[in-house]
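Chemist: structure for this input, please:
(3 chains)
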Amino acid sequence: MRTLRFLLQKEFRQIFRNRSLLPMIFVTPIIQLLVMPLAADFEVKNINISVVDHDRSVFSQKLVSKITASGYFRLIDYGNSFDRSFNSLELDRSDLIMEIPRGFEKDIVRENHQPLFIAVNAINGTKATLGASYLGSIIGSYNGDIRMQWTQPERFSPSRTIQVASSNWFNPFMNYPFFMVPGILVTLVTMIGAYMCALNIVKEKEIGTIEQINVTPIKKHHFILGKLIPFWVIGVFIFTVGLFLVARLVYGIVPLGSIPLLYGFLSIFLIALLGIGLLISTYSETQQQAMSLAFFCMMIFMLMSGLFTPVDSMPGWAQVIARANPVTYFIEVMRMVVLKGSGFNDIKIHFAVMFGFAALFNSWAILNYKKTS
Amino acid sequence: MKQFISFVRKEFYHVFRDSKTLLMLFGLPIVLITLFGFALTNEIKNSKIVVCDYAKDDASQRIIDKIQTTENFQIEKALMSHRQIEEAFKSGIIKLAVIFPANFNNDLLHTNQAQVQVIADASDPNTASTLTSYINNIVQDYQNEISPSGPAPYQITTETRMIYNPALKGATNFVPGVMALILMLVCVLMTSVSIVREKEKGTMEVLLVSPFSPFLVIVTKAIPYFLLSLINLTVILLMSVFFLEMPFNGSVLLLYLESSILIITCLALGLLISNSTDSQQSAMLISLMGMLIPVMMFTGFLFPLENMPMVLQWIANIIPSKWYYIIVKSIMIKGLGIASIWKETLILTGMAIFLLIVSFKRFKIRLA
Amino acid sequence: MATGPSNMGEVVIKTDKLTKRFGDFIATNEITFDVYKGEIFGFLGANGAGKTTAMRMLCGLSTPSSGSATIAGFDVYKETESIKKNIGYMSQKFSLYEDLTVIENITFFGGIYGLSDKQLKEKTEQLIEQLGMKSEAKKLVGSLPLGWKQKLSFSVAILHEPKIVFLDEPTGGVDPVTRRQFWDLIYDASARGITIFVTTHYMDEAEYCNRLSMMVDGVIKALDTPTNLKKQFSADSMDQVFFELARGAKRKGD
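Modeler: Presented below is the predicted three-dimensional model:
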């Protein structure tokens, strides 16, 4: 026990003396937590549309004003040259082109069905589909308006309407940062925890101080605890600052569920994470190697965790990878407990899995770490 | 000249003898392309929803059938109270509930109006709005089916063409972004670490005392990573064209030229970072942690730049990969030539030159 | 030239055909020798001869392939943790933490070896006094000159009064005066009953030892006092002895 005290004393002293490390640990996460949620907005809005109007009738212009009035679209240009509009599509100045054919108004009355031509920049498939679908519903609504105007009452038979009453629970204002902030916080804790732990241990290997330690009567588990505990403390600290300072003060996110529950899960998550860092350090001789391995793992963890893209939408084999990723579970837990107020019962499987990860990574690492070769 | 080559060869040995670094250098791009190409998507699929059918009549059955035939949902049929739905949301079992009230069909037939209730778990607003709109569309379809008035008069028809990516593949958007990401991160990281490592070990002095000008010393360090980045680029391109079936409509030469400009920018940035720090650890931290998130965020392939607050959009302008991303899309997917991307190329070149000057100046100061 | 305890007291290191193999390569080949309490035992040899491998086995850092050894009475296969409690170690890289102060290093290593708080305080003061580092006590070790680092390393290695202290090329890179001062510390420790096991390249330091052994190609080619060795090889200095022995060596390291 005393040994542990001395080990921890040394570790903390070293960490706080490390001039370049400190800002990384404390400042960068906060900045990233402030900026990322603002950037991570998948909503489709501000679509740039370029209209080619060969008809220039009151009719066509009404359609155009309806489109701009919807709030989804920004009219970039309005002209009568398709080539010019296509050019602006090429140069990314507009996302869609709508071409209104000559004689549009006349043709509708005569039921000639000359179509409106819509060209969409589909490089971003999701944006393109949504954009086209918004435009489609505006046109449909405009169509409905015309029908109302022109149809004689007798021809107007009662149509059946089904109204869909939709409500959004837990996040009625559909606030994106609400959803992203908990996940991003997890990512930051993950990156710092695993990196720092791995790099720290390998640095000792590189310098040679680890040999000095191997020669002393320090027990394996003391040494490992001496390495894990400081980063565990740092992880909890960053999480706390992130949750209470940034999330609450800046984004107004107040956890709906039990905060001790969150911290409980965080603690086990950190143990699992630091186990991974430890494991990486047992496979690395130099800091560069540790960093390469850690970076490789982190990228995969981050992408396959459901942070940016949903796990459910992944193909079967990818879901297996996602389920073998500890970060996935913590992000789920965060989103469930913070945003929906889920309780222990709802996340007991997550707890069990995380325990499993913690046990697995740490025992693997301890097996690998040998004082004697 | 021979000495120059031997220096460069030494750098290559450093890289190739380290299996774990190699893993990252070459394995990462392959993994990223695979993931982005096949696993990651913004679409919403396989969502579990619950349908509470209190009506159990023809209409509700028809609509439920329609919902079932789409691939987007996994349906569970149960009669849940609001309380139970809330619990189910909390456990993450379902994402959406569709509720048909008891007299659904009757209301429809007799009063021409009926209501369907949809409750979404909006903790994930993206999924919630997408699922809700799917249901909306299905209901809308059904409504049109049962409409007695037949095809509507005065129908405006539309013809839509998806340009550049008719199959609506996600890869088209991601791959240029992954290219930018890999080049920026790997290049900057490896260069800065390699230079700092020499400083740390003390071998930098040895190099500087050699008959080469400091300028050449740096160049020898940069060349292997330049070549490696080009190889990486090639691997990514081959994978995306052959596995992901991405189009390549423009000039290959132009793409490589533009990529070289980006690589030079990154090498200069790596040099700059190595000047600002004395330990490998900090060089790594700055190159990775400091740059990973900004590059992912501000290149524009993960999150649409247009949605961001103006301040962030300005910041994005100083990230070289943002311009590179536009250039790659223009060349690869749109098949455009230099005439359309001269502006972006100029900006990128400007950044490269600026960084080169600044980093060399700092390097010289450091020496003195 | 040191005389020290000229013979047989308690045996603190005993090896019998100690061998270490790495695949086909035999780094240390059946070495057999004894070291006595309070001795200054020099372990010489060219680079690549097998010195460091041998020392690592004796410290419990490496498991032998065959043969036996007892260090301070503990078996080198089964009781490595007990060995570690009773030895001190100072490696070529000095292995003090450069980003901790002098006092912090002493506190750390002392605490690790089980010194109580009171003992730590006493020993720290004593040590700083002894080394004349009063004004450097709160400075980071990284800022100290090399000679001071070495002396500090040694002192920290024997802080817990171990039975044996292993020194792996402790005096590399400093001037002869500083080296001589270092050896004063070694004599001091030896007089207190601490056995010194030291490897070195400097042949003048070889003269300071009570007894020496010389390893060539993994085997001990000579084991005696410096005086006897010089007689044996009709040499005037240890340099010559070394030359005679190492000449035919097949492994000359890097």
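Chemist: same question for the nearest residue to C:Gly193 once chain neighbours are set aside, what's its three-state structure.
Modeler: The shortest distance from C:Gly193 to any non-neighbouring residue, by Cβ to Cβ, 6 or more residues apart in numbering or on different chains, is to C:Gly38 (5.2 Å). The way it works is simple: take the backbone N, C-alpha and C, and place the C-beta from them, glycine included. Using DSSP: H, G, I helix; E, B strand; the rest coil, the three-state assignment for C:Gly38 comes out as coil.
Chemist: tell me the phi and psi of C:Gly38?
Modeler: The phi and psi values for C:Gly38, taken as degrees, to the nearest 10, are phi 80, psi 0.
Chemist: okay, now it: neighbour count?
Modeler: 20 (other Cβ atoms under 10 Å in any protein chain shown).
Chemist: what about it, distance to chain B?
Modeler: With distances taken as Cβ to the nearest Cβ, to the nearest Å, C:Gly38 is found 40 Å from chain B.
Chemist: close to chain A, is whichever strand in chain B runs longest?
Modeler: Criterion DSSP state E: the longest strand present in chain B is strand B:113-121. Yes. Applying Cβ under 8 Å from any Cβ of the partner chain, one finds strand B:113-121 touching chain A at B:113-121.
Chemist: give me the contacts around that strand.
Modeler: Residues outside strand B:113-121 that contact it (Cβ atoms under 8 Å, 6 or more residues apart in numbering or on different chains): A:160-170, A:340, B:59, B:63, B:82, B:85, B:89, B:94-101, B:104-105, B:107-108, B:127-129, B:131-132, B:135-136, B:139.
Chemist: mark which of these are buried, thanks.
Modeler: A:160, A:162, A:164, A:166, A:168-170, A:340, B:59, B:63, B:85, B:89, B:94-100, B:104-105, B:107-108, B:127-129, B:131-132, B:135-136, B:139 (16 or more other Cβ atoms under 10 Å in any protein chain shown).
Chemist: now the farthest one out in chain B, which residue is it?
Modeler: Largest separation from the mean C-alpha position in chain B: B:His110, at 51.8 Å (Cα atoms, centre = their mean).
Chemist: any idea which helix or strand carries that residue?
Modeler: Following DSSP states H and E, one finds B:His110 within helix B:104-111.
Chemist: helices and strands around that helix, which ones?
Modeler: helix B:58-69, strand B:113-121 (3 or more Cβ pairs under 8 Å, 6 or more residues apart in numbering or on different chains; DSSP states H and E).
Chemist: tell me the most buried of those?
Modeler: Comparing those by mean neighbour count (mean count of other Cβ atoms under 10 Å in any protein chain shown), strand B:113-121 ranks first with a mean of 21.
Chemist: how far does that strand sit from its chain's centre?
Modeler: From the chain centre to the centre of strand B:113-121 is a distance of 35 Å (Cα atoms, centre = their mean, to the nearest Å).
Chemist: circling back to that earlier point, among the buried ones among the contacts of strand B:113-121, which are located in helices?
Modeler: B:59, B:63, B:85, B:89, B:104-105, B:107-108, B:127-129, B:131-132, B:135-136, B:139 (DSSP state H).
Chemist: strands of the stretch 1-150 of chain A, start to end?
Modeler: A:47-53, A:73-79, A:96-100, A:116-121 (DSSP state E, counting those that start in this stretch).
Chemist: hmm, I typed the wrong one, I wanted chain B.
Modeler: Under DSSP E, chain B gives strands at B:47-53, B:73-77, B:96-100, B:113-121, B:158-163.
Chemist: can I get those in TSV with mean pLDDT and distance to C:Arg180?
Modeler: Listed next are these as TSV, based on pLDDT from 0 to 100; distance: least, Cβ to Cβ, whole Å:
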stretch	mean pLDDT	distance to C:Arg180
strand B:47-53	92	80
strand B:73-77	88	83
strand B:96-100	93	84
strand B:113-121	91	79
strand B:158-163	87	84
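Chemist: tabulate those in a markdown table, adding columns for distance to C:Asp168.
Modeler: Compiled in a markdown table, the strands of chain B are given as follows (distance: least, Cβ to Cβ, whole Å):
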| stretch | distance to C:Asp168 |
| --- | --- |
| strand B:47-53 | 64 |
| strand B:73-77 | 66 |
| strand B:96-100 | 69 |
| strand B:113-121 | 64 |
| strand B:158-163 | 71 |
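Chemist: wait, which of these is closest to C:Ala189?
Modeler: strand B:113-121 (72.2 Å; Cβ to Cβ).
Chemist: low-confidence stretches in the stretch 51-200 of chain C?
Modeler: Within the stretch 51-200 of chain C, the segments meeting pLDDT under 70 span C:94.
Chemist: tell me which helix or strand the residue nearest the centre of chain C sits in.
Modeler: Nearest residue to the geometric centre of chain C (Cα atoms, centre = their mean): C:Leu167, 2.4 Å. For C:Leu167, the element it lies in under DSSP H and E is strand C:164-168.
Chemist: residues contacting that strand, please?
Modeler: Here strand C:164-168 has contacts from C:12-13, C:35, C:52, C:55, C:58-59, C:71-72, C:86-92, C:154, C:157-158, C:186, C:189, C:194-199, using Cβ under 8 Å, 6+ apart.
Chemist: and with 7 Å instead?
Modeler: Contacts of strand C:164-168 with the rest of the structure, by Cβ atoms under 7 Å, 6 or more residues apart in numbering or on different chains, involve C:12-13, C:52, C:55, C:58-59, C:71-72, C:87-92, C:157-158, C:189, C:194-199.
Chemist: cross-check those against chain A and keep the overlap.
Modeler: C:59, C:89, C:91 (Cβ under 7 Å from any Cβ of the partner chain).
Chemist: now A:Thr328: how far from A:Leu188?
Modeler: 16 Å (Cβ to Cβ, to the nearest Å).
Chemist: now swap in C:Gln232 and tell me
Modeler: C:Gln232 is 69 Å from A:Leu188, by Cβ to Cβ.
Chemist: so those two - more neighbours on which side?
Modeler: Taking neighbours as other Cβ under 10 Å, C:Gln232 and A:Leu188 compare with A:Leu188 leading, 22 against 12.
Chemist: fine by me, thanks again.
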